[in-house]
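K.L.:
Have a look; sequence and predicted model below, questions after that.
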Amino acid sequence: MRLDRRMALSFDWLWFLSLLLLSAAGLTAIWSTTQGTGLSDYLGRQAIYICLSLLVFMVLLYFDYHVYSDYVSIAYLAGLLVLVLVLVIGRTVNANRSWLSLGFFAFQPSELMKVLVICFLAKYYAEIDRDTLEVRDLVTGGLITAIPMALVMLQGDLGTAVTFLPIYAGLSFLGGLKRKHILVLLLATAVILPAGWIMLKDYQKGRIQTVLNPSSDPQGMGYQPKQSKIAIGSGGFLGKGFKQGTQGQLGFLPARHTDFVFAVISEERGFLGSISLLGLFLFVLFRLLRAGREAKDKIGAMIPMGVFSLFLFHVVINAGMNMGLLPIAGIPLPFVSAGGSSLLSFFAGMGLAMNVSMRRFVN
Amino acid sequence: MLDLQLESSRQLMQRRLNWLVAPLVLIFVLLGMRLWWLQILQGPEYTRLAEKNRIRSIQVVAPRGPILDRNRLPLAENRPSINIALDREVMKNPDATAAFVTGMLGIPPEEFADKLRRSRRTGAYQPIVIREDADIRDVSIVEAHKREYPEILLTRVPRRLYHYGNLASHVLGYVREVSEGDLESNTFPGAKRGDLVGKFGVERAYNQCLTGLDGAREVLVDSLGRELGTVAEKEAVIGGDLQLTLDYDLQVTAETLLAGKVGAIVAMDPRNGEILAMAGAPSFNPNSLSTRITAEEWNAILNDPDHPLQNRAIQNSYPPGSIFKLVIAEAGLGEDMVDENTSVVCRGSAVFYNNLFHCWKPSGHGYVNLENAIAQSCNVFFYTLGQRLGIEKIVQHAKALGFGERTGVDLPGETAGVLPGGAPWYPGETISVSIGQGQISATPLQVLRAVSALATGGTVVTPHLLLRAERGSDGTGSWPVQQIPIQPESLQRIRAGMWASVNSSGTSHGTAIPGFDICGKTGTVQIIGAERKRTLKSDLSAFENHAWFAGFASRDVPEIAMVVFIEHGGGGGAAAAPLAKEMFQTYFDKKYSEELLTRVSGTAGGREVR
């Protein structure tokens, strides 16, 4: 079902505005930290990505989400194929073989795969006509998540791979988990975590140890979280002002336009800016919950829930890492961090969730 | 029914979604609290840290003070040099940096790894020096790759320059980076890790005077350490001048005379203890020691069989040989065991305690009195006198003349020598000691001090090298002097013997310069007995005698005292006395040319500072 006037009226302008504000905050921070440096073309590129993403967002809003759910199996399989393709012909950036080069345009298919997993898993769980999930449902759902996750892990991008987990957890929760299954899942986590620890590379272990004991190695592994905390803390209440943040401007902050963009905003905009940013994220999360609650069918509830889980995970991990609460992981801050793939996938996810929200009253 | 079931299923899902609200809010409250903590409560502290980040204090190394000779001729100064350093804080890719350092700069990988390992304990903000005193090629390589490797820095540092290489190396010493052990024991108050400190010689003894005050520059830097501007600057202050008592010309003469030999020459003003020349051979080049040389290079120097780092004038003690006869003479006169009529018949040997003791002259000296005995260095005379004195009196007088204790010279590492004593003492040993053999040893400087005391009427001075220190309280000021009770007539007789030794065909005649009343005494130290030497067929150089000469000039107005010691040099008269002559010659040539110059030009003072 296409867009009609009634639906246009139920378009959630505040939600949309929040997304635009988050993108604008990111754009300003990228402007502040990259202009006049060797990274100056990030700003223009980010602006183009925002426009492209908005276009995709609008297109996704236009058609009824049930149209997409009909084709999601094919899209999912195609996505897996692309991930395999990346492993064969992908480009290596920062030791991660996760980039696919499309001529002038490099892309991380793993980012978009998250949205496909959300839709496919949502559809699979929605078609189960029970209030709780059985073991075979959980196993199938687990496979739907684990296959792309494994492929991403093979690319060497552990951070992105981990972000598939909250999707599975969130949707399984909404699908209905039995108490004993929760126990089994918790137990499995307890077993897998130590095993995973062994599998981690040394630098990854170091990052985790640094968070657990920040003063252990302030010049080595602890350098980034330390500099990030200094950036945030020195912002004070009002911040140092646009382009005035010494930590970001003089380069003490690593990855200041991507992973540590939150620290840049906190430094230049102060507590007022950083708490407002958190407020925007919280608002969007509430909107996602509401979209799920008001959805007219099961898949309509599932899709916003998947986006909610992924979005929350990204925000908490990234902000927590910036504040020195969580280990360093290359997980971008949604809508704010520079980078096209992440921006596109989050706009796509939000498009689908708003799609559900807009069509909540329509039969 | 189906609708109802659908409705209840929807409510169930709504309930599940509602459960999420509380944890969600809790998470965001926690994040908000963390922001409050960081930005509001800890804000001032993090502001301070951010300032510390962007303002870097760069140490400006102060040059050490120059070391000058007594005429203010610079012996050690500084020259500018460039070090290549690695700033680990700026290093992004250690492998690439290591490849550049080992490849382009040609620093051996093991050496580089070793430097990194040793610097692990120092703060990362402190750059590690990876190449000292870089040449123009290395500097241009670093300059050319400045953008790719901002972590490789060029730092300007003053480097110690010893103008005359090996000249007076044992006196001047050398500088090295302060060691961990020195830092722990606080041997050099105020020294920081990486500082250069004096490790030997006057560099060590007057380190405090010579050390300058490092300056600092506060610069605004970015995370790559690039300087964006200077915030504040404190200039470095050069260390104080250190003017030594050494005389360049005498020192050069001494070193030239010792070339190719093993030994020491010291010249001193006997009136006040100012050391005019102190040379040891073999010597070392402090310029090459004053860089961070490798362990192998160090070991090569330390394991050199000739021990070039040893200052033989003060760090080694040797039996004084016949020069000790002067002490026996003084003791005999002081204890009233010798008068004008005392004489001994020398038949080339004599029996004491059932042992035959030889004189150096097999045919004997016949009747000898004290003066003759000194001039001819007659052993039998001093065997007899020594036996009469007994070991206690000998030790007592030797001690009064400064044997067996450090002279107190302002150099590190002085040894005290050995005085006879300890049980069991066999009377025969006293006979050996009477001619300076056996259980007695002294440093050349101790011998010189004793001879100086005999020259000046019994004043035992503290030899020293410091004429004037511009700064610092270490050791400047008074040099203790001790007066031994000795009759002027007694001294007169010893001096007469020493004068005769030089000027009246005595053993020291090789020192004689017509027109100058030089007094002296030779010594020849036997390493093994003459019989054993004859039976040994192999290379005898290791068993060759040590040669001594000690003396002063002039007899009536003593103004310079001299000791020459040549290890395994042979007889004192042949190997040591002629060297002393050259030294006296240089001294008097210079003195009279200066006097002449002063008289001609009418100006006060001596030679211009070169």
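P.N.:
That came through fine. Numbers count the residues shown, from 1 in each chain, chains lettered A, B, ... in the order given.

K.L.:
Doesn't B:Val351 belong to a strand?
P.N.:
Yes - counting by DSSP: H, G, I helix; E, B strand; the rest coil, B:Val351 is located in a strand.

K.L.:
From chain A, how far out is it?
P.N.:
Distance, B:Val351 to chain A, by CB to the nearest CB, to the nearest Å: 81 Å. Just so you know, the C-beta spots here come from the backbone N, C-alpha and C atoms, and that holds for glycine as well.

K.L.:
Spit out the contact partners of that residue.
P.N.:
Shown in contact with B:Val351 (CB atoms under 8 Å, 6 or more residues apart in numbering or on different chains): B:Phe357.

K.L.:
Which strand residues bridge it?
P.N.:
B:Leu356 (DSSP bridges).

K.L.:
so how far is B:Thr384 from it?
P.N.:
11 Å (CB to CB, to the nearest Å).

K.L.:
Over to A:Val56?
P.N.:
121 Å.

K.L.:
Number of residues surrounding the one residue in the stretch 1-150 of chain B that gets nearest to chain A?
P.N.:
Using CB to the nearest CB, the closest approach of the stretch 1-150 of chain B to chain A is made by B:Tyr46 at 2.6 Å. B:Tyr46 has 21 neighbours, counted by other CB atoms under 10 Å in any protein chain shown.

K.L.:
Tell me how many other residues crowd residue 186.
P.N.:
Answering for chain A, as no chain was given. Neighbours of A:Leu186 using other CB under 10 Å come to 10.

K.L.:
my bad, chain B
P.N.:
With other CB under 10 Å as criterion, B:Asn186 counts 9.

K.L.:
end to end, how far does stretch B:98-110 reach?
P.N.:
11 Å (CA to CA, to the nearest Å).

K.L.:
Now do the buried residues in it.
P.N.:
Buried residues in stretch B:98-110, counted by 16 or more other CB atoms under 10 Å in any protein chain shown: B:Ala98, B:Phe100, B:Val101, B:Thr102, B:Leu105, B:Ile107.

K.L.:
And for the residue of the stretch 1-150 of chain B closest to chain A, nearest residue in space, chain neighbours not counted?
P.N.:
In this structure, B:Tyr46 finds its nearest non-sequential neighbour in A:Gly233, 2.6 Å apart by CB to CB, 6 or more residues apart in numbering or on different chains.

K.L.:
hang on, isn't the one you found packed against B:Leu41?
P.N.:
No - A:Gly233 sits out of contact with B:Leu41 when judged by CB atoms under 8 Å, with a separation of 9.1 Å.

K.L.:
sorry, back to before: A:Val56 and B:Thr384: who's more crowded?
P.N.:
B:Thr384 (23 against 16).

K.L.:
host element of that one?
P.N.:
In this assignment (DSSP states H and E), B:Thr384 forms part of helix B:379-400.

K.L.:
which strands and helices sit next to that helix?
P.N.:
helix B:325-334, strand B:344-346, strand B:349-352, strand B:355-358, helix B:370-376, helix B:427-434 (3 or more CB pairs under 8 Å, 6 or more residues apart in numbering or on different chains; DSSP states H and E).

K.L.:
one step back: between A:Gly233 and B:Leu41, tell me which one has more neighbours.
P.N.:
Ranked by neighbour count (other CB under 10 Å), A:Gly233 and B:Leu41 place A:Gly233 first, with 30 against 11.

K.L.:
And what about that one, helix, strand or coil?
P.N.:
Under the three-state scheme (three-state DSSP), A:Gly233 adopts helix.

K.L.:
residues in contact with it?
P.N.:
A:Gly233 sits next to B:Leu38, B:Gln39, B:Gln42, B:Gly43, B:Glu45, B:Tyr46, B:Thr47, B:Leu49, B:Ala50 when contact means CB under 8 Å, 6+ apart.

K.L.:
what's the neighbour count on the fifth one?
P.N.:
Read that as B:Glu45. Residues near B:Glu45, counting by other CB under 10 Å: 13.

K.L.:
Tell me the spacing between the nearest residue to it once chain neighbours are set aside and B:Val221.
P.N.:
Sequence neighbours aside, A:Gly233 is the residue nearest to B:Glu45 in space, at 7.0 Å (criterion: CB to CB, 6+ apart). As judged by CB to CB, A:Gly233 and B:Val221 stand 20 Å apart.

K.L.:
and the residue of the stretch 1-150 of chain A found nearest chain B, which of the three is it?
P.N.:
As assessed by CB to the nearest CB, chain B sits closest to A:Asp131 within the stretch 1-150 of chain A, at 5.6 Å. What three-state DSSP gives for A:Asp131 is coil.

K.L.:
ok, it touching A:Leu177?
P.N.:
No - the criterion here is CB under 8 Å, and A:Asp131 misses it with A:Leu177 at 10.8 Å.

K.L.:
what about the two, which has more around it?
P.N.:
When A:Asp131 and A:Leu177 are compared for neighbours, A:Leu177 comes out ahead with 18 against 12, by other CB under 10 Å.

K.L.:
measure the more buried one to A:Arg136 for me?
P.N.:
For A:Leu177, the distance to A:Arg136 - CB to CB - is 14 Å.

K.L.:
thinking again about what came up before, identify whichever of the helices and strands packed on helix B:379-400 lies nearest to B:Ala191.
P.N.:
helix B:325-334 (43.1 Å; CB to CB).

K.L.:
Where is the longest helix in the chain?
P.N.:
This is for chain A. With secondary structure taken from DSSP state H, chain A has its longest helix at helix A:261-294.

K.L.:
hm, I was asking about chain B
P.N.:
helix B:577-601.

K.L.:
Please enumerate residues in contact with that one?
P.N.:
For helix B:577-601, the surrounding residues in contact (CB under 8 Å, 6+ apart) are B:247, B:249-250, B:253-254, B:257-258, B:265, B:267, B:276-277, B:502, B:507-513, B:516, B:518, B:520, B:522, B:549, B:551, B:553, B:560, B:562, B:564, B:566, B:604-607.

K.L.:
what do you get for stretch B:209-219?
P.N.:
B:55-65, B:67, B:188, B:190-191, B:197-198, B:203, B:227-240, B:242, B:469-472, B:474, B:476.

K.L.:
Which ones among those also lie next to chain A?
P.N.:
Restricting the contacts of stretch B:209-219 to those within reach of chain A (CB under 8 Å from any CB of the partner chain) leaves B:Leu228.

K.L.:
Buried only: go through the contacts of stretch B:209-219 for me.
P.N.:
B:56, B:58-65, B:67, B:188, B:191, B:197-198, B:203, B:236, B:238-240, B:242, B:469-472.

K.L.:
related to what we said a few turns ago, tell me the confidence at the residue nearest to B:Glu45?
P.N.:
If you check A:Gly233, the pLDDT there is 91.

K.L.:
distance of it from A:Pro225?
P.N.:
A:Gly233 is 12 Å from A:Pro225, by CB to CB.

K.L.:
Is B:Val60 bridged to anything, and to what?
P.N.:
B:Gly215.

K.L.:
how about it, what does it touch?
P.N.:
So B:Val60 contacts B:Asp214, B:Gly215, B:Ala216, B:Arg217, B:Lys234, B:Glu235, B:Ala236 (CB under 8 Å, 6+ apart).

K.L.:
Can you give me every residue that contacts A:Ile303?
P.N.:
With contact set as CB under 8 Å, 6+ apart, A:Ile303 has these partners: A:Tyr65, A:Ile118, A:Cys119, A:Ala122, A:Gly292, A:Ala295, A:Leu352, A:Ala353, A:Asn355, A:Val356.

K.L.:
Do you know the pLDDT at it?
P.N.:
95.

K.L.:
And for the one 4 residues further on?
P.N.:
Looking at A:Val307, its pLDDT is 97.

K.L.:
Correct me if wrong: it contacts A:Asn355.
P.N.:
No - using CB under 8 Å, A:Val307 is not in contact with A:Asn355, being 10.7 Å away.

K.L.:
For B:Asp249, which three-state class applies?
P.N.:
B:Asp249 is classified as helix under three-state DSSP.

K.L.:
In CSV: the contacts of A:Gly233, plus distance to B:Leu154, secondary structure and pLDDT.
P.N.:
Output for those, formatted as CSV (distance: CB to CB, whole Å; DSSP: H, G, I helix; E, B strand; the rest coil; pLDDT from 0 to 100):
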residue, distance to B:Leu154, secondary structure, pLDDT
B:Leu38, 38, helix, 94
B:Gln39, 39, helix, 94
B:Gln42, 38, coil, 92
B:Gly43, 38, helix, 90
B:Glu45, 35, helix, 90
B:Tyr46, 33, helix, 90
B:Thr47, 32, helix, 89
B:Leu49, 28, helix, 84
B:Ala50, 28, helix, 85
